[in-house]
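1. could you look at this predicted model? Sequence included:
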Amino acid sequence: MNPPIVPISRREFAKTAVLGGAALASGAATPADADTRPKRVRIGLIGCGSVSNSYLPVLTTSPFAEVVSVCDIKPDRAKRQADRFKIAHHYPHIDAMLAGEPFDFMITLTDMQVHEQINRRGLAAGKHVWSEKPIANTLAAGQELLRTAKAKNLRLWGAPITVQSPQFAFMARTLAAGKLGRVAAAHADYGHGGPDWSAFFYEKGGGSLPDLAVYNLTSLTGLLGPVKHVTAMLSIVTPERTVGDKGRIKVIAEDNAMVLMDHGQGVISHVQSGFNYFNPHGHEGRKETRHTISIVGSAGFMGLVGYDWEPLGVDLATQESPAVERLVTDAQGYIWQQGAALAAECLATGRELLVTPEQALHVLEIITAARESQATGKRIALTSTFKWPIIA
Ligand SMILES: NC(=O)c1ccc[n+]([C@@H]2O[C@H](COP(=O)([O-])OP(=O)(O)OC[C@H]3O[C@@H](n4cnc5c(N)ncnc54)[C@H](O)[C@@H]3O)[C@@H](O)[C@H]2O)c1
């Protein structure tokens, strides 16, 4: 059974997840706290590559999580992370992890193309699932996973968590209050030189849309609402690459993408992403300070300072107050790496996230529609939607 849903403010939520973890990690909890300690959700994490180095430090210090197992088809990686993060069990295959040490919550951090099959296995085995993007390879498959989860009273979530940031919350509230007047247009962009460690980013089912544009698509749909139609142009700028796991490879998936979205009521937005973007801040993108999202209306302008996954503030100018003002420069505990830990907190306490599988699947439909638009030269109508607005 899932616990009852108890609303909590995003500031309070992010702080309990991060600070609670820090308190336990520092040994601040005493035996007297034992009775009041929250239930820890038992976790099996699959995929021990690059991003596991971002997830595991947060999960292993969260008061709501206990990582009992890690798994990777490259068994040395599973063993290395088990040793490094003091995790009791490590497995070379999902079958072995599901048959091994019992757990309740599976976290999928593998190559993008296999998320769908792994998430399906996890749900079939009765596990709640948090998946790196995308949850599935197609909208239909993702909807089937969500139906399975709901039928079994399980939870399914997908990264990214840009809607959890205080900057997103401020922008959503500003739009809802009508401070920009009639909203007309928005632009968002995210790119770098492309990952150089794994081939899957460039193979069928990979690409800059599900790896990078997904952040901007989540933020813009979260701010402006579900999309009705998509038009896109995609291309491959660098046809061959050298990557760590496979050497010289042919690039099959888009490494350059322009997506136009119609949100209805005249609102049009645009996302661009790619693996050929010079970026002085490198792949990590740390401390990017330009506007990566801008929204303009008849009575105001808003620019997100930095990337939506690591925002540093919001610049706002309105008819009433035309001098650009920088606001919301405090992250309030939000970090992009905390999504699965917030989901564990949700499972343990019933405190609900703003991240929903319905929105993740809508973003997945935008990505597949962009590919269809490129292939056919047509404007593609979307069928999915999600609950909007997203106001903390
Ligand atoms: N690397 C990052 O900084 C980063 C940041 C945010 C999100 N992501 C997302 O995280 C996911 C993983 O990316 P990554 O960079 O960690 O890739 P990676 O190649 O470094 O790691 C993927 C790991 O999954 C393992 N794997 C593949 N198939 C498996 C299977 N069937 N069973 C068990 N293990 C399997 C691989 O052996 C590998 O160790 C992707 O969806 C990516 O978009 C990555």
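-> Thanks, I have it. Numbers count the residues shown, from 1 in each chain.
2. going by C-alpha atoms from here, please, whenever you check contacts or count neighbours.
-> OK.
3. the chain: helices as residue ranges?
-> Per DSSP state H, the chain carries helices over the ranges 10-25, 52-59, 75-85, 94-99, 115-124, 139-151, 166-176, 208, 214-224, 339-349, 357-376.
4. what is the burial count for residue 178?
-> Other residues lying near residue 178 total 13 when counted by other CA atoms under 10 Å.
5. just the pLDDT for it.
-> For residue 178, the model assigns a pLDDT of 98.
6. which parts of the stretch 1-150 of the chain sit against the ligand?
-> Within reach of the ligand by CA under 6 Å from any ligand atom, the stretch 1-150 of the chain has these residues: 46-52, 71-74, 93-94, 109-112, 132-133.
7. now the buried members of those.
-> With neighbours counted by 16 or more other CA atoms under 10 Å, those contain buried members at 46-49, 52, 71-72, 93-94, 109-112, 132-133.
8. ok, so of those residues, who is nearest residue 60?
-> Relative to residue 60, the closest of those is residue 52; by CA to CA it sits at 11.4 Å.
9. hang on, isn't that closest one packed against residue 109?
-> Yes - here residue 52 reaches residue 109: they are 6.9 Å apart, a contact under CA atoms under 8 Å.
10. before we move on, the earlier item: which one of the helices of the chain lies nearest to residue 192?
-> When the helices of the chain are compared by CA to CA, helix 208 sits nearest residue 192, at 9.7 Å.
11. can you give the distance of the closest one from its chain's centre?
-> With CA atoms, centre = their mean, to the nearest Å as the basis, helix 208 stands 14 Å off its chain's centre.
12. then stretch 148-164?
-> Chain-centre distance of stretch 148-164: 11 Å, with CA atoms, centre = their mean.
13. next: stretch 154-168.
-> Remark: stretch 154-168 is offset 6 Å from the chain centroid, using CA atoms, centre = their mean.
14. first vs last residue of it, how far apart are they?
-> With CA to CA, to the nearest Å applied, stretch 154-168 spans 27 Å between its terminal residues.
15. ok, and does it reach over to the ligand?
-> No - judged by CA under 6 Å from any ligand atom, stretch 154-168 stays clear of the ligand, getting no closer than 7.7 Å.
16. model confidence over that stretch, on average?
-> Computed over stretch 154-168, the mean pLDDT rounds to 98.
17. same thing with stretch 302-321?
-> The predicted model assigns stretch 302-321 a mean pLDDT of 97.
18. tell me how far the closest residue to residue 384 other than its chain neighbours lies from the ligand.
-> Spatial nearest neighbour of residue 384, chain neighbours left out: residue 362 (5.6 Å); criterion: CA to CA, 6 or more residues apart in numbering. Going from residue 362 to the ligand by CA to the nearest ligand atom, to the nearest Å gives 17 Å.
19. measure how buried residue 362 is and give me the count.
-> Neighbour count for residue 362, taken as other CA under 10 Å: 24.
20. then the one 10 residues further on?
-> By other CA under 10 Å, the residues close to residue 372 number 18.
21. where does the prediction get shaky in this structure?
-> Residues of the chain meeting the criterion pLDDT under 70: 1-38.
22. which one is the residue nearest the centre of it nearest to, not counting chain neighbours?
-> Residue closest to the average C-alpha location in the chain (CA atoms, centre = their mean): residue 160, at 0.8 Å. Nearest residue to residue 160, sequence neighbours excluded (CA to CA, 6+ apart): residue 215, at 6.2 Å.
23. just checking, the one you found touches residue 168?
-> No - counting by CA under 8 Å, residue 215 stays clear of residue 168, with 12.0 Å between them.
24. now for those two: what residues contact both?
-> Contact with both residue 215 and residue 168 is made by residues 162, 308, according to CA atoms under 8 Å, 6 or more residues apart in numbering.
25. quick one: contacts for residue 252?
-> Here residue 252 is in contact with 202-204, 236, 239 (criterion: CA under 8 Å, 6+ apart).
26. go with 7 Å
-> 202-204 (CA atoms under 7 Å, 6 or more residues apart in numbering).
27. for residue 89, grab the count of nearby residues.
-> Neighbours of residue 89 (other CA under 10 Å): 18.
28. same check on residue 200?
-> Using other CA under 10 Å, the number of residues around residue 200 comes to 21.
29. I'd guessed it sits against residue 206; true?
-> Yes - at 5.9 Å, residue 200 counts as touching residue 206 under the criterion of CA atoms under 7 Å.
30. export the helices of the chain to CSV and append columns for distance to residue 262.
-> CSV is the format used below for the helices of the chain (distance: least, CA to CA, whole Å):
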stretch, distance to residue 262
helix 10-25, 29
helix 52-59, 34
helix 75-85, 43
helix 94-99, 40
helix 115-124, 28
helix 139-151, 19
helix 166-176, 17
helix 208, 21
helix 214-224, 10
helix 339-349, 28
helix 357-376, 11
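31. once you drop chain neighbours, what's closest to residue 369?
-> Distances taken as CA to CA, 6+ apart place residue 380 nearest to residue 369, at 6.0 Å, with adjacent residues excluded.
32. returning to that earlier point: quick one, which of the helices of the chain is nearest to residue 276?
-> The minimum distance between residue 276 and those falls on helix 208, with 9.8 Å, by CA to CA.
33. other SSEs contacting that closest one?
-> The contact analysis (3 or more CA pairs under 7 Å, 6 or more residues apart in numbering; DSSP states H and E) places helix 208 against no helix or strand.
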